[in-house]
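> A structural model of the following input is requested.
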Amino acid sequence: MNTDPIDELAAGFNLPAPAIISNHHGLAASYNFNDHMLLVLADTHGFENSISGPIQTPMGPVPGSDVEATMSSDSIVIGVRTAF
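Prediction:
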């Protein structure tokens, strides 16, 4: 298990881009149609992760504040390679 990429003190700064996924898995396969064409399929999944912490200002954290970011991801890739 990986650690969170963003710590609790930075959670308030990280709202626009909550790249907080710690663990991913992926699977890929390819198939040769012939000597000139290859099909590639790939899937990745980023497991859901959450982080929370105080809202940060230039003067420091806002007392009693709390912000939470949650993220997961999925992607599917399909590619074709040709050779001449």
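
> Quick one: residues contacting the residue nearest the centre of the chain.
The central residue of the chain, meaning the one whose C-alpha is nearest the mean C-alpha position (Cα atoms, centre = their mean), is residue 21 at 4.7 Å. When contacts are counted by Cβ atoms under 8 Å, 6 or more residues apart in numbering, residue 21 touches 5, 46-49, 71-73. C-beta here means a position set from N, CA and C on the backbone, and glycine is covered the same way.

> Got a quick ChimeraX command for the buried subset of those residues?
In ChimeraX, selecting the buried portion of the contacts of residue 21, with burial taken from 16 or more other Cβ atoms under 10 Å, looks like this:
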select :46,49
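
> dump the residue contacts of residue 27.
42-44.

> roughly how far apart are it and residue 71?
Separation of residue 27 from residue 71 (Cβ to Cβ, to the nearest Å) stands at 21 Å.

> and residue 62, backbone torsions?
Main-chain torsions, residue 62, degrees, to the nearest 10: phi -80, psi 120.

> what's the burial count for the nearest residue to it once chain neighbours are set aside?
What sits nearest to residue 62 in space, not counting adjacent residues and going by Cβ to Cβ, 6 or more residues apart in numbering, is residue 55, at 4.4 Å. Residue 55 sits with 15 neighbouring residues when counted by other Cβ atoms under 10 Å.
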